[in-house]
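> Just need the structure, nothing else, for what follows:
(chains A and B)
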Amino acid sequence: MMFDSSIVTTIFAEFSPLAPMIVMIIGALVMPAVFFATKRKSAVAAVMIAVIAISMLFNVLMMVDGYQADYAGLFAYDAFAGVMILLFQIVAFFTALVSVSSSETTRMHYGAFNALLLAATTGMMFVATASDLITIFLGIELASITSYVLVAMKRSDPRAAEAAVKYVIFGGLSTALTLYGLSMLYGVAGTTNIEDIAIALSTQDFSWAFGIAMITMIAGFGFKIAAVPFHAWAPDVYEGAATPVTMFLGTGSKKVGFVALFKIFLVIFVAASSTAAFATEELQYIFAIIAAITMTVGNVVAISQNNIKRMLAYSSIAQAGYILIVMAVMSEYALASGMFHMFTHVFMKGGAFLIVGALITVGIGEKISDYQGLAKRAPFIAFAMTLFLFSLAGIPPLAGFTSKLFLFSSAIYDGGVMTQWVWLAFVAVLNSAISLYYYTRVVKAMYIEKGANAERIKIPKTFTAAIVTCVVFVIILGLFPQLIMDFCADAAAVLFG
Amino acid sequence: MFSDIFAFTYEIPYLLTLLLIIPLVGAIATLAMGGKRQKNAKYVAGVFSFVTMVLSVILMFTPDLSVYSESYTWIETAGVKMSYILSVDGLSILMVFLTGVLVFLSTVFSARESDKPHYFFALILAMEVGLMGVYMAGDYFLFYIMWEVTLIPMYFLISWFGGPRRHYAAIKFFIYTHVASVVMLIGIFAIVFGAATGGIADFSFEAVLAGSAAFGSTFQVLVFGLLFFGFAVKMPIVPFHTWLPDAHTEAPTAGSVLLAGVMLKMGSYGIIRVCLEVLPEGAQYWQPIMVFIGILAMIYGAYACIAQKDLKKMVAFSSISHMGMVMIAMACLSDIGIQFAIFQMFAHGLISAVLFMVAGATGHSVGTREIPLLGGLAGKLPLLAAFMMFGFLASLGLPGLVGFWAEFGIIFGFYDYAVSVDMLWLVIFCLLSLLLTAGYYLWAMQRTMFGRLTTKIDLSHIHDLSRPEVIALGAVCALIALFGLWPDLALSYLEGYSSSLALTLGVI
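Numbers count the residues shown, from 1 in each chain, chains lettered A, B, ... in the order given. As a prediction, the model looks like this:
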């Protein structure tokens, strides 16, 4: 047997498009049993890592082979799904790896924690493969409901309870809006299959029902991606949750909203753009304005934050604004760039959250002033944090620079013609410059200000491993973006047919 | 040309890459010299920067620079193509030489640096990587990366080794120049994607230049504005200059030398390399504005110098004034204007190195740089006084030194321009600036070194220049005299470049 996607097809037969998810579901089901049988965290973690690794292996084999298949008209595995699944798997992998040794997860039921983590990841992966409104919605719900519990699980901290309640209420509202929009869309198009909707709509004129569907869906998904003005929950939830969970939400969950946006909106509009009278441009403007406001509010509010988790939360909001450029520009290059930015975001923002989590574990607080003199106490951690923050700010030659370069340039030119979104690129680069200010505050605290304590810090090994991985990717993806960008380009080509 | 005296024809493989790699390896090696090996840091840094300098000098002796061009595809994905292209031509050769020389000499000058020297020298070498990269890059992607790479070492150099207000100055420097860079980045996107053919946006200078023929007038005018703003803040231009005096006042001497000597030139280099080469029509439109901005910087900088109390801040403002001269020279858009703009960049690089070294040395030797507190020090500090006199005279354009030829050429070129637009009175501003320059330098000299010996400060600890400082200053002064007596040595590199660029600019 060759070492390629035929392994997957041999094992899973017609269920092959779902192979990575099936592995994860089995893992989620056995995880509590493993915990009860062994009562040891390390054993659970080992099984957990193995499950994710197998799932990832299957996915990479399918992705590299260019595997493409459909399951019952509800799910379709293609290049787009492959790339996004890989992203979710990486996030889950980091979360699982560091939650073993994080002090914030010690009082949680570890078997349940991991089971929920796998279930949430499965939900995200379902959204990535979904080709039907129903499966998209189910995937989002699976991911959301398990995430609420993950946030609430940090019982030692009253902020977690507050965060979880907020998350549930906002999440519920978002779900309601999304569902309302999806049902309106079904009413207009008469089908729930996305491709069929696109075909049905391309022969119709613009209707108010369709407009309402679009607006409610934007609001619903807007909550998920924490776009302004639907962002208020994010800083509280990110602050209250255990830091590994925060990382999972900030770098993984958030992207589910984007995947759903891409799937529904881009497919419909690409199909519909051939017919006139379709309000595409109006919706593009709505997205452009949301993008501009989101990035500006995120960056400006981040300046005044003293808690690093809140600061990173606002910076995540700003990053969502950058990625929304894709929805304004709606070109194949923009989509590829946006997906690539999501990838680099996993490593740079994920890396920053990992460091915050590692430092909380060794007893350093969440305030920026707690980071004073860190360069002396933990030189590598301070260096890594500097790389992640500079990468987020878009300083070359780091990954964040390259992905922003692709993303912002997509707003300027599309196929040799200057787009009308040049102003958006302007807002984006100026925001990028503003963001440098608050990122530098942390660097300054670590390297220049003197701390009260000069004791050396030793962080847990699993954290170190995860952080080193992020550092490596932040540098490699900056210098050789084609490693991932090629896949993103293929993926974008799928949605743009 | 150096190669007329002695032609170095042996072709060193990957010479331009070596000019990047050697300082980079040197920075890492120096960084490793922590703890007990700290006192060796300067030797390690010295060796690496010396080798780099030798290579840059060899480049000067090479008759045909084009043999050293390197080009490899780096990133090719999703319709964009970035390459690793290094090349040196008439415009960049002097800048590469200047970088090599000044980095080595500022390392020598700072040999007595004793506080965390491994960080200090590593940062200087890291900055050299960026500077060399900017001047040699043949691809906008590489160019922008190198442009930003220079920022981070400079930020840390100021905020670790600077004066009392260093944190403020460092962050101000970082934010100002970064905002300018991102605006420039938008301009780069515009020209790269605007020049794209066949669905591939190629970031190389060559491809953009080839595609630039298709740019319309409005496009050129708008994009010129973006790029010009990005580059000019670095030069700097009034009113976006305020980061410069602060950064200089707080930066350590070596940082100031590199900042004024080589980093400011990145701005004017960018304007010539990108704005003028790629957007000639935009340049025509912006010409009066460039002249206005140049005159403003020239006069305002010189005028501000008179009021300064801090010697180093005075020198910083004089840099603004002299970079204003570069601006008006470029704005002539003529053969002679461009030639002498580049020559002034080179001349000012050498002269400002001397000026910042003596200003820094005054601070070290006397303990203060406040002009009102100084006076009559020439008797106590003869070497410092001599070098200060030499630097000031070179800067105000004493015939026989390199600054004279630069200013002479610029006024000559600018006169032509003023006649052609029928506004001869513009030349008065040049003369006024020369007058002010002579005034503030001589007055400063008078107040610090001559006259009655000061009683306002404790003079028991003052000491004259140390040996490394004398070596560094002596070497730069020798170069100033060499190129002053024999300007053709440098000018001959520029002739071919400036005349062909003037042709492009004139054709429209």
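> all helices in the stretch 101-250 of chain B, in order from the N-terminus.
Remark: helices assigned in the stretch 101-250 of chain B by DSSP state H, counting those that start in this stretch are B:117-136, B:140-149, B:151-161, B:166-194, B:205-211, B:217-234, B:243-250.
> among the helices and strands of chain A, which has the poorest mean pLDDT?
Taking mean pLDDT, DSSP states H and E as the measure, chain A has strand A:417-418 as its least confident helix or strand, at a mean of 70.
> Grab the most central residue of chain B for me.
By CA atoms, centre = their mean, chain B has its centre lying nearest to residue B:262, at 2.7 Å.
> Pull the contacting residues for that residue.
B:95, B:98, B:99, B:102, B:103, B:131, B:349 (CB atoms under 8 Å, 6 or more residues apart in numbering or on different chains). (Each C-beta comes from the backbone N, C-alpha and C, glycine too.)
> Out of these, which comes closest to chain A?
Closest approach to chain A among the contacts of residue B:262 (CB to the nearest CB): residue B:131, at 14.9 Å.
> Look at the closest residue in space to that closest one that isn't next to it in sequence and give its secondary structure.
Nearest non-adjacent residue to residue B:131, counting by CB to CB, 6 or more residues apart in numbering or on different chains: residue B:99, 4.7 Å away. Three-state call for residue B:99 (DSSP: H, G, I helix; E, B strand; the rest coil): helix.
> For burial, what's the neighbour tally of residue B:99?
30 (other CB atoms under 10 Å in any protein chain shown).
> Was I right to think it contacts residue B:136?
No. Using CB atoms under 8 Å, residue B:99 is not in contact with residue B:136; the gap is 9.7 Å.
> For the stretch 251-400 of chain A, give the residue positioned nearest to chain B.
residue A:396 (3.9 Å).
> Which part of chain A gets nearest to chain B, residue-wise?
Closest point on chain A to chain B, by CB to the nearest CB, is residue A:413, at 3.3 Å.
> surely that residue meets residue B:191?
No. Assessed by CB under 8 Å, residue A:413 is found out of contact with residue B:191, at 10.4 Å.
> Within range of chain A, give me the residues from chain B.
B:75-80, B:141, B:144-145, B:148-149, B:151-152, B:156, B:159-160, B:167, B:171, B:174-175, B:178-179, B:182-183, B:185-186, B:189-190, B:192-194, B:196-197, B:199, B:201, B:219 (CB under 8 Å from any CB of the partner chain).
> Filter these down to the buried ones.
B:75, B:77-80, B:141, B:144-145, B:148-149, B:151-152, B:156, B:159-160, B:171, B:174-175, B:178-179, B:182-183, B:185-186, B:189-190, B:192-194, B:196, B:201, B:219 (16 or more other CB atoms under 10 Å in any protein chain shown).
> just how off-centre is stretch B:492-499 within its chain?
From the chain centre to the centre of stretch B:492-499 is a distance of 19 Å (CA atoms, centre = their mean, to the nearest Å).
> and that stretch, average pLDDT?
Here stretch B:492-499 scores 89 as its mean pLDDT.
> What lies in contact with that stretch?
Under CB under 8 Å, 6+ apart, the answer for stretch B:492-499 is B:1, B:4, B:89-91, B:93-94, B:335-336, B:338-339, B:342-343.
> Now do the same for residue 423: its pLDDT.
No chain in the question, so chain A it is. 91.
> Wait, chain B was what I had in mind.
Note for residue B:423: predicted pLDDT of 90.
> any idea how far it lies from residue B:287?
According to CB to CB, to the nearest Å, residue B:423 stands 12 Å off from residue B:287.
> again, but for residue B:437
Distance of residue B:437 to residue B:287, given as CB to CB: 25 Å.
> Look at those two and report which has more neighbours.
Between residue B:437 and residue B:287, counted using other CB under 10 Å, the more crowded position is residue B:437 (24 against 17).
> Can you report how many residues lie near residue A:146?
Neighbours of residue A:146 under the rule other CB under 10 Å: 21.
> Kindly provide the distance from residue B:230 to residue B:167.
For residue B:230, the distance to residue B:167 equals 25 Å [CB to CB].
> Specify the local secondary structure of residue 301.
Going with chain A. helix.
> nearest residue to the residue of chain B found nearest chain A other than its sequence neighbours?
Closest contact between chain B and chain A, by CB to the nearest CB, is at residue B:193 (3.3 Å). Spatial nearest neighbour of residue B:193, excluding adjacent residues (CB to CB, 6+ apart): residue A:413 at 3.3 Å.
> Let me see the confidence value for the one you found.
Listed pLDDT for residue A:413 reads 77.
> Quick one: residues contacting it.
A:419, B:189, B:190, B:193, B:194, B:196, B:201.
> Surely the first one touches residue A:409?
In other words, residue A:419. No. The criterion here is CB under 8 Å, and residue A:419 misses it with residue A:409 at 10.6 Å.
> Near chain B, which residues of chain A are found?
So chain A meets chain B at A:333, A:336-337, A:390, A:394-397, A:401, A:405-406, A:408-409, A:412-413, A:415-416, A:418, A:422, A:425-426, A:429-430, A:432-433, A:436-437, A:440, A:444, A:447-448, A:480-482, A:485-486, A:488-489, A:492 (CB under 8 Å from any CB).
> can you rerun that using 7 Å?
A:333, A:336, A:395-397, A:408-409, A:412-413, A:415-416, A:425-426, A:429-430, A:432-433, A:436-437, A:440, A:444, A:448, A:480-482, A:485-486, A:489 (CB under 7 Å from any CB of the partner chain).
> quick revisit: how near is the residue nearest to residue B:193 to residue A:205?
32 Å.
> Show me the shaky parts of chain A.
By pLDDT under 70, the weakly predicted segments of chain A are A:1-2, A:271-279, A:415-417.
> what's stretch B:77-91 in contact with?
Contact with stretch B:77-91 is made by A:333, A:336, A:481-482, A:485-486, A:489, B:16-17, B:59, B:65, B:68-75, B:96, B:136-139, B:141-142, B:199-204, B:272-273, B:342, B:493-494, B:496-497, as judged by CB atoms under 7 Å, 6 or more residues apart in numbering or on different chains.
> do stretch B:52-66 as well
B:2-3, B:6-9, B:12, B:15, B:18-19, B:22-23, B:88-89, B:93, B:96-97, B:99-101, B:103-104, B:128.
> Can I have the buried ones of the residues you listed as a ChimeraX selection?
Buried residues among those (16+ other CB under 10 Å), as a ChimeraX selection:
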select /B:2,3,15,18,19,22,23,88,89,93,96,97,99,100,101,103,104,128
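> what about the residue of the stretch 251-400 of chain A closest to chain B, how many residues close to it?
25.
> quick check, it in a strand?
No. Going by three-state DSSP, the assignment for residue A:396 is coil, not a strand.
> residues contacting it?
Residue A:396 sits in contact with B:144, B:145, B:148, B:149, where contact means CB under 7 Å, 6+ apart.
> What backbone torsions are found at the residue nearest to the third one when sequence neighbours are not counted?
What that stands for is residue B:148. Leaving aside its sequence neighbours, residue B:148 sits nearest to residue A:396 (CB to CB, 6+ apart; 4.8 Å). Main-chain torsions, residue A:396, degrees, to the nearest 10: phi -70, psi 160.
> I'd like the next helix or strand past the lowest-mean-pLDDT helix or strand in chain B.
When the helices and strands of chain B are compared on mean pLDDT, DSSP H and E, helix B:2-5 comes out lowest with a mean of 80. As assigned by DSSP states H and E, the chain's next helix or strand after helix B:2-5 is helix B:15-31.
> other SSEs contacting that following helix?
With contacts defined as 3 or more CB pairs under 7 Å, 6 or more residues apart in numbering or on different chains; DSSP states H and E, helix B:15-31 has these neighbours: helix B:41-60, helix B:117-136.
> Thank you kindly, that will do.
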